[in-house]
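K.L.:
sequence-free structure coming up:
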């Protein structure tokens, strides 16, 4: 206990940081203006829902935040660092749209989950025993260990989504970005997936940014009125106050303990 | 059967066995990234380089390699300009390569026969220099792929996730292009520019039909390549057939069997 207390004193609570700041961000494809002058900040432990119809620019905005696109004007910062200089990508977990990979790709669930570790590895480092056991942890936490040797394309939509969540959580990220995670999976699976996400938000020090087009389920958690609107995108936000202290935990391990 | 012990045939076997490791391996990465046509394109541009090599009297494979590398950068550049029409860049570079090759052919009419050996392959005329080049290319490609196999998997499976996790995507894209150019220019003397893309893509197609994991896919693609090249050379040697064509037809046979066994066993 005393050890924990002194640790906390040494490091001021980290759960009030500014995670994302968008400052007058604009983007156009050729002559079509998709986003103009978007301002928004995401605080640590926020759950942000980006809601908007197709073509509203949600995915473009997301791509700029994760560094896949550069804003044509304005600036973005991540964890207080300008996005162009941001290096600590292991702080960010990313769950892509489910249908964006080739279903015939020869890769097992285990291979995909473990690949979450490769980006942060120094280029010439080999896979360690620790990496291997970390992978098994992620598989069992998301309850996909029985599927570990299956080809990912052979899984159902809901199972694939768990695989991508495991891949994102393997680095113990502080920000989890989900791109349309509920599209194309049945209602029952949607409900259980969303309740898992909600549980993480309420009980752990993790910030969410989730893109979706008009989801009742999202609204039921984030409220009826958006905190902000920019063009055709609405930002719904719910901040989690439930966690009293800001002790850093390992998400995979505590999720597993909680069942 | 005496042909099997002849020196030129043994050189052919060594060269074939080496290229059957690297060409299918790079082909697997290209096919999975939906860039299967790049092999064909670089091979055609390479031929223009080979023709220029004969014209200015420089080692043709080296000039071909230089052309292939320049072309692979050209493809990357055009791909970024015409993002939504990525295949356009391949079509432009390919026709550019053929156009240049045809002009260079007619400039130096005397070497038509030699150029033919690069179009259709001439594995029985491999020189020691050719073998050294193929050996060097194999060593470079294999060691880089082994060192970066994890990163290459991540990039091939999910380029967006790879970028978000901080992988230097551009570095790896350029790396893949250069390795492909190396393999193709080393391979054109063996199977010929017109057939080189078969050695890149057909083993990958077989392996995709049969593998469940990426690890399996990598091992299988090399095994299938070796099987087809070594068996093809042997058959071609014994029955006096064109080696490049025999190898490719064998590959297509293996593909047919792979697809049928996939249906039967539901791999």
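P.N.:
Ah, there it is. Predicted model, so just to flag it, every value in this text is computed and none were measured.
K.L.:
Are we agreed that residue A:77 is in a strand?
P.N.:
Yes: using DSSP: H, G, I helix; E, B strand; the rest coil, the secondary structure at residue A:77 is a strand.
K.L.:
Residue A:21 is in contact with that one, correct?
P.N.:
Yes: under the contact definition of C-beta atoms under 8 Å, residue A:77 touches residue A:21, with a separation of 4.7 Å. C-betas here are computed from N, CA, C, even on glycine.
K.L.:
Residues of chain A that sit close to chain B?
P.N.:
Residues of chain A lying near chain B by C-beta under 8 Å from any C-beta of the partner chain: A:63, A:66-68, A:87, A:89-90, A:92, A:94, A:96, A:100-102, A:104-108, A:111-112, A:115-116, A:118-121, A:123-124, A:127, A:149-151, A:167, A:171, A:177.
K.L.:
Derive a ChimeraX selection command for the buried subset of these.
P.N.:
Buried members of these, defined by 16 or more other C-beta atoms under 10 Å in any protein chain shown, are picked up in ChimeraX with:
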select /A:63,66,67,68,89,90,92,94,96,101,102,105,106,107,108,111,112,115,116,118,119,120,121,150,151,167,171,177
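K.L.:
what helix or strand is the residue in the stretch 101-250 of chain A positioned nearest to chain B on?
P.N.:
Residue nearest to chain B within the stretch 101-250 of chain A (C-beta to the nearest C-beta): residue A:119, separated by 2.5 Å. Residue A:119 belongs to no helix or strand when elements are defined using DSSP states H and E.
K.L.:
Contacts only, for it.
P.N.:
Contacts for residue A:119 (C-beta atoms under 8 Å, 6 or more residues apart in numbering or on different chains) come out as A:89-90, B:154, B:162, B:164-167.
K.L.:
Please identify which of those is nearest to residue B:38.
P.N.:
Sorting the contacts of residue A:119 by distance to residue B:38 puts residue B:162 at the head of the list, at 19.1 Å, by C-beta to C-beta.
K.L.:
Now do the contacts for that closest one.
P.N.:
Neighbouring residues of residue B:162 by C-beta under 8 Å, 6+ apart: A:119, B:151, B:154-155, B:169.
K.L.:
buried sites along stretch B:42-59?
P.N.:
Within stretch B:42-59, judged by 16+ other C-beta under 10 Å, the buried ones are B:42-55.
K.L.:
Could you do stretch B:209-228 as well?
P.N.:
For stretch B:209-228, the buried set under the neighbour-count rule, 16+ other C-beta under 10 Å, comprises B:209-214, B:216-218, B:220-228.
K.L.:
model confidence over it, on average?
P.N.:
Rounded to a whole number, the mean pLDDT of stretch B:209-228 is 95.
K.L.:
In three-state terms, how would residue A:105 be classified?
P.N.:
Three-state call for residue A:105 (three-state DSSP): coil.
K.L.:
Quickly note the distance from it to residue B:245.
P.N.:
Here the criterion is C-beta to C-beta, to the nearest Å. By it, residue A:105 lies 31 Å from residue B:245.
K.L.:
Rounded mean pLDDT for the strand or helix carrying residue A:138, please.
P.N.:
Under the criterion of DSSP H and E, residue A:138 resides in helix A:129-141. For helix A:129-141, mean pLDDT rounds to 90.
K.L.:
how far out from the middle of the chain is it?
P.N.:
Mean-position distance between helix A:129-141 and its chain equals 19 Å (C-alpha atoms, centre = their mean, to the nearest Å).
K.L.:
Flag every buried residue along that helix.
P.N.:
Those buried within helix A:129-141 under the rule 16+ other C-beta under 10 Å are A:131, A:134-135, A:137-139, A:141.
K.L.:
hmm, who's touching the helix or strand following that helix?
P.N.:
Using DSSP H and E, the helix or strand that follows helix A:129-141 towards the C-terminus is helix A:157-169. Contact with helix A:157-169 is made by A:93-96, A:98, A:109, A:112-113, A:115-116, A:138-139, A:141-144, A:147, A:152, A:155, A:176, A:181, A:184-186, A:189-190, A:192-193, A:196, A:251-252, A:255, B:161, as judged by C-beta under 8 Å, 6+ apart.
K.L.:
mind running it again at 7 Å?
P.N.:
Contact partners of helix A:157-169, identified using C-beta atoms under 7 Å, 6 or more residues apart in numbering or on different chains, comprise A:93-96, A:98, A:109, A:112-113, A:115-116, A:138-139, A:142, A:144, A:147, A:152, A:155, A:176, A:181, A:184-185, A:189, A:193, A:251-252.
K.L.:
swap in stretch B:206-220?
P.N.:
Applying C-beta under 7 Å, 6+ apart, the external contacts of stretch B:206-220 come out as A:104, A:106-108, A:111, A:151, B:25, B:28, B:153, B:221, B:224, B:254-255, B:258-259, B:262, B:267.
K.L.:
now, which of those lie within strands?
P.N.:
In strands, judged by DSSP state E, none of these are found.
K.L.:
Run through the residues that contact residue 61.
P.N.:
All of this refers to chain A. Residues in contact with residue A:61, defined by C-beta under 7 Å, 6+ apart, are A:35, A:38, A:50, A:233.
K.L.:
Wait, chain B was what I had in mind.
P.N.:
By C-beta under 7 Å, 6+ apart, the contact set of residue B:61 is B:130, B:133, B:185, B:189.
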